[in-house]
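Asker: Quick one, fold the following:
(chains A and B)
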There are 2 protein chains.
Amino acid sequence: MPTAAIIGGGVIGSAWASRFLLNGWEVRFHDPAPNSEAVLDKVLDKARRWVPEVYDHLPAEGALTLCDSIADAVTGAEWIQESTPERLEIKQVVLAEIQESCAAEAIIASSTSGFMPSELQAGSARPEQVLVAHPYNPVYLLPIVEVVPSAVVPHETVQRAETMLSDVGMKPITLRAEIPAHVGDRLLEAVWREALWLIKDGVATTEQIDDLMTHGFGLRWAQKGLFETYRTAGGEAGMKHFLEQFGPCLQWPWTKLTDVPDLDDELINRIVEQSDAQAAGRSVSELEEERDANLVAMLKALRQEDTAAGAFLNRLRSASD
Amino acid sequence: MPTAAIIGGGVIGSAWASRFLLNGWEVRFHDPAPNSEAVLDKVLDKARRWVPEVYDHLPAEGALTLCDSIADAVTGAEWIQESTPERLEIKQVVLAEIQESCAAEAIIASSTSGFMPSELQAGSARPEQVLVAHPYNPVYLLPIVEVVPSAVVPHETVQRAETMLSDVGMKPITLRAEIPAHVGDRLLEAVWREALWLIKDGVATTEQIDDLMTHGFGLRWAQKGLFETYRTAGGEAGMKHFLEQFGPCLQWPWTKLTDVPDLDDELINRIVEQSDAQAAGRSVSELEEERDANLVAMLKALRQEDTAAGAFLNRLRSASD
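Answerer: Modelled structure (predicted):
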């Protein structure tokens, strides 16, 4: 049975642990924080409840071991997932300690949302075994994971990483170059920046912006993405025609607001107030509950349709039949 | 029976006509283009096929009349939807001609994705009856519509517009200020701009970017939007805590690329080639087919869940029961 070491818990590390466990891997978990077990239990409960709703055929759950040290956790592990706080000096120290005990052929993957693998590898004993595997919340349900190697990571290592991630039900996207924040968070950041302007300028509220997504283009992106949505809308004249038509819009007035808005107290408070009003008393637990139920319903629905996500889920399903 | 005049067909105007018809309105349609009837037939066929899958209880379909002139189409109409080409001088001429024949209490709504209502109203005989109602493709399925009044449009007119749009199954979002491109396209433009950089810099392909959405954050945005997704992820410490944690990221290196990339031939060709490879021979008709089947499946799934879109669809459903 393959073994994964989870170094650093929290919402992300605990969900990684859950994903490996539910896909039959042995998991060795290490996080020195006093509440780390409670967080792991909570996330694992959610994963055990929701994941079988999406994937009908799961293997028997793997064994979970809580470890007192990094050395204990990583010894004998094929996959080591680092999810410590997003500070480079912490990650570098942890990666060094991991390498003192892990196998040279193990893959050490960082959950970092911002740092490049070459930054993580600086001072590393074996930089060639360190890469980024950046997942998206909730990690136990969303299949996507960005794999980012640096130039020193061999192609064979990247391929092994892709295989192991696929083995736990994920859809690895291996980037062609390392950049700060990878790809997904760059796109999220662009939307976030623009949304902050719209809120700051009083054009729309958080609820209106969310409604535009949930009743509009979010429904498009969940099943066709950005480019295929435009390709579809562009008609039979094709993508080139669409781009030539759409291109001049990049010079239209609304592209001028590309500065970063000042996230001062006033803006923070405005967003907080609007978001509070929007939540209408629902706790984060309730929101999580809604989110998971919705994602399950959508993934099940998409699985029956001719879509990239559906085809992917169906491949997983038949592979385990 | 209420009457809508559709001035300008194409994919957008034809889908507006379909939405009104399927919700029991009488529709008077005018577009001088030689192929306008063929486009209308095609879009109406799709709408007749898919809309009843989402909404179980629809009224009897309204009557469709093809009109030779703007005057003929708008006489006696309560709602006039203008969907002519995206050029201000064309829209202003058409709006003037509409006002020569329509009732003073009719609402004249423009589908413009870029122009502000005050621009459209310039030189208008009765600017107070002109506003923007900007929908999203496919208009017969996606409920969202941005309503943008200018300062001269009375509150009562805006309320009537919201009521009529709700009557045809839409979710109107009335913006608090007019800006070029309204709100939704500002967000779309931000993602588009960032995605173009990522493609231009060779970091990811169109397919990888689409995969990040369809297997990742697109699934989040389809059912929680941007702010509620972050609120959910932020944990019980709340939105303020989340913003204070997340705020400094706005200053991180990936926010420096806020210039507009040059959409030159090389970039256009790269996107075209990648998009062609991604489509793998599927025609736009096939992509449209997939899109509609997916949206129907997702909307049906969401309707059964506790979500904004689901609650909205359920309200519609029980209202027509």
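
Asker: can you give me the strands for the stretch 1-150 of chain A?
Answerer: Along the stretch 1-150 of chain A, the segments classed as strands by DSSP state E, counting those that start in this stretch run A:3-7, A:26-30, A:64-66, A:79-82, A:107-110, A:130-135, A:144-148.

Asker: The residue in the stretch 51-200 of chain A that chain B sits nearest to - nearest residue in space that isn't next to it in sequence?
Answerer: Of all residues in the stretch 51-200 of chain A, residue A:144 sits closest to chain B, at 3.3 Å by C-beta to the nearest C-beta. Where C-beta positions appear, they are placed from N, C-alpha and C, glycine not excepted. Closest residue to residue A:144 apart from its sequence neighbours, by C-beta to C-beta, 6 or more residues apart in numbering or on different chains: residue B:216 at 3.3 Å.

Asker: Please look at that neighbour and residue A:138 and confirm they touch.
Answerer: No - counting by C-beta atoms under 8 Å, residue B:216 stays clear of residue A:138, with 11.0 Å between them.

Asker: Between these two, which has more neighbouring residues?
Answerer: Comparing residue B:216 with residue A:138 by other C-beta atoms under 10 Å in any protein chain shown, the one with more neighbours is residue B:216, at 27 against 23.

Asker: and that one, what pLDDT?
Answerer: Model confidence at residue B:216, given as pLDDT, is 88.

Asker: now swap in residue A:320 and tell me
Answerer: pLDDT, residue A:320: 42.

Asker: I figured residue A:59 hits residue A:23, correct?
Answerer: Yes - with contact defined as C-beta under 8 Å, residue A:59 and residue A:23 form a contacting pair (6.5 Å).

Asker: Between the two, point out the one with more neighbours.
Answerer: Shown here are residue A:59 and residue A:23; by other C-beta under 10 Å, residue A:23 has more neighbours (20 against 11).

Asker: backbone phi and psi for that one, please?
Answerer: Phi and psi for residue A:23, reported as degrees, to the nearest 10, are phi -100, psi 20.

Asker: residues in contact with the residue nearest to it when sequence neighbours are not counted?
Answerer: Excluding its sequence neighbours, the residue lying closest to residue A:23 (C-beta to C-beta, 6+ apart) is residue A:168, at 4.2 Å. Residues in contact with residue A:168 (C-beta atoms under 8 Å, 6 or more residues apart in numbering or on different chains) are A:19-20, A:23, A:25.

Asker: any chance of the residues you listed in TSV, plus pLDDT and distance to residue A:195?
Answerer: Shown next, in TSV, are the contacts of residue A:168 (pLDDT from 0 to 100; distance: C-beta to C-beta, whole Å):
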residue	pLDDT	distance to residue A:195
A:19	96	30
A:20	97	34
A:23	94	35
A:25	97	38
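
Asker: between the residues you listed, which is closest to chain B?
Answerer: Set against chain B, the nearest of the contacts of residue A:168 by C-beta to the nearest C-beta is residue A:19 (14.0 Å).

Asker: Roughly how far does the closest one sit from residue A:12?
Answerer: When C-beta to C-beta, to the nearest Å is applied, the distance between residue A:19 and residue A:12 equals 11 Å.

Asker: what sits in contact with each of the two?
Answerer: Taking C-beta under 8 Å, 6+ apart as the contact rule, residue A:19 and residue A:12 both touch residue A:139.

Asker: So for the two, which sits in the more crowded spot?
Answerer: Using other C-beta under 10 Å, the more surrounded residue of residue A:19 and residue A:12 is residue A:19, with 28 against 22.

Asker: correct me, but the more buried one touches residue A:165?
Answerer: No - in this structure residue A:19 lies outside contact range of residue A:165 using C-beta under 8 Å: 9.5 Å.

Asker: Which of the three states applies to the residue nearest to residue A:144?
Answerer: Secondary structure, DSSP: H, G, I helix; E, B strand; the rest coil: residue B:216 is helix.

Asker: what's near enough to touch it?
Answerer: Going by C-beta under 8 Å, 6+ apart, residue B:216 touches A:136, A:142-144, A:184.

Asker: one more time with 10 Å
Answerer: The contact partners of residue B:216, by C-beta atoms under 10 Å, 6 or more residues apart in numbering or on different chains, come to A:135-137, A:142-146, A:171, A:173, A:184, A:187-188, A:221-222, A:225, A:309.

Asker: Then residue A:61?
Answerer: Contact partners of residue A:61, counting by C-beta under 10 Å, 6+ apart, are A:18, A:20-25, A:27, A:44, A:48.

Asker: Residue A:84 too?
Answerer: A:7-10, A:12-13, A:31, A:90-91, A:93-95, A:110-112.

Asker: Looking at those residues, spot the one nearest residue A:64.
Answerer: Distance to residue A:64 across the contacts of residue A:84 (C-beta to C-beta) is lowest for residue A:9, with 11.9 Å.

Asker: what's near enough to touch the spatially most central residue of chain A?
Answerer: Nearest to the mean C-alpha position of chain A, counting by C-alpha atoms, centre = their mean, stands residue A:136 at 1.7 Å. Counting by C-beta under 10 Å, 6+ apart, residue A:136 makes contact with A:12, A:15, A:113, A:142-146, A:184-185, A:188, B:212, B:215-217, B:219-220, B:233.

Asker: 7 Å instead?
Answerer: A:142, A:144, A:184, B:216-217 (C-beta atoms under 7 Å, 6 or more residues apart in numbering or on different chains).

Asker: Tell me the pLDDT of it.
Answerer: pLDDT, residue A:136: 93.

Asker: Then residue A:40?
Answerer: Reported pLDDT at residue A:40 in the predicted model: 97.

Asker: now residue A:225
Answerer: Note on residue A:225: pLDDT of 83.

Asker: can you check the one 3 residues further on too?
Answerer: At residue A:228, the predicted lDDT confidence score is 79.

Asker: which residues does the nearest residue to it once chain neighbours are set aside contact?
Answerer: With sequence-adjacent residues excluded and distances taken as C-beta to C-beta, 6+ apart, residue A:228 is closest to residue B:210, at 5.3 Å. Taking C-beta under 7 Å, 6+ apart as the contact definition, residue B:210 lies against A:225-228.
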